[in-house]
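J.: dropping the sequence and predicted coords here.
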Amino acid sequence: MRLESGHMIVEFFPTSSPKRFVQVVTFGATEECDQAMMSHRTITRGEMIYEVNTRINSGYQVTDFHTEEYSGNYTPLMC
């Protein structure tokens, strides 16, 4: 799922586990500025549902749905 509001984009991608998602937040994504900052994190399904509902209630617009795993440069760390 892709949510947009102003210069901020929040995307949720499924993982190989049905209970986990990769959340990608992009700040400063404009046509004038091509240097956007990105933040990645792995979240649970419950956290994703809460984030989506909260952001939609705050005025974010749903612009896309992601059905495939995240293919960017992100490798979660284990502690």
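T.: Cool, the structure landed.
J.: what about Glu51, neighbour count?
T.: 19 (other CB atoms under 10 Å). Just so you know, the C-beta spots here come from the backbone N, C-alpha and C atoms, and that holds for glycine as well.
J.: quick one: it and Gln23 touch, right?
T.: Yes. In this structure, Glu51 is within contact of Gln23 by CB atoms under 8 Å, at 7.0 Å.
J.: what sits in contact with each of those two?
T.: Taking CB atoms under 8 Å, 6 or more residues apart in numbering as the contact rule, Glu51 and Gln23 both touch Val10, Phe12, Ile43.
J.: in strands, which of those residues fall?
T.: Applying DSSP state E to these, the entries found in strands are Val10, Phe12, Ile43.
J.: which pLDDT value belongs to the second one?
T.: Read that as Phe12. Phe12 carries a pLDDT value of 96.
J.: can you give me the buried ones in stretch 45-64?
T.: For stretch 45-64, a neighbour-count test (16 or more other CB atoms under 10 Å) marks Met48, Glu51, Val52, Arg55, Tyr60 as buried.
J.: any idea how far Glu68 is from Asn57?
T.: 27 Å (CB to CB, to the nearest Å).
J.: tell me which element Ile49 is part of?
T.: Assigned by DSSP states H and E, Ile49 belongs to helix 45-57.
J.: got the CA positions of that helix in PDB?
T.: C-alpha atoms of helix 45-57 as PDB (Å, rounded to 0.1, in the frame of the first residue of the first chain):
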ATOM      1  CA  ARG A  45       0.700  -6.900  10.400                       C
ATOM      2  CA  GLY A  46      -1.100  -5.300  13.400                       C
ATOM      3  CA  GLU A  47       1.300  -2.400  13.400                       C
ATOM      4  CA  MET A  48       0.700  -1.900   9.600                       C
ATOM      5  CA  ILE A  49      -3.000  -1.900  10.000                       C
ATOM      6  CA  TYR A  50      -2.800   0.700  12.900                       C
ATOM      7  CA  GLU A  51      -0.400   2.900  10.900                       C
ATOM      8  CA  VAL A  52      -2.600   2.800   7.700                       C
ATOM      9  CA  ASN A  53      -5.800   3.600   9.700                       C
ATOM     10  CA  THR A  54      -4.100   6.500  11.600                       C
ATOM     11  CA  ARG A  55      -2.500   8.000   8.500                       C
ATOM     12  CA  ILE A  56      -5.800   7.800   6.500                       C
ATOM     13  CA  ASN A  57      -7.600   9.500   9.300                       C
END
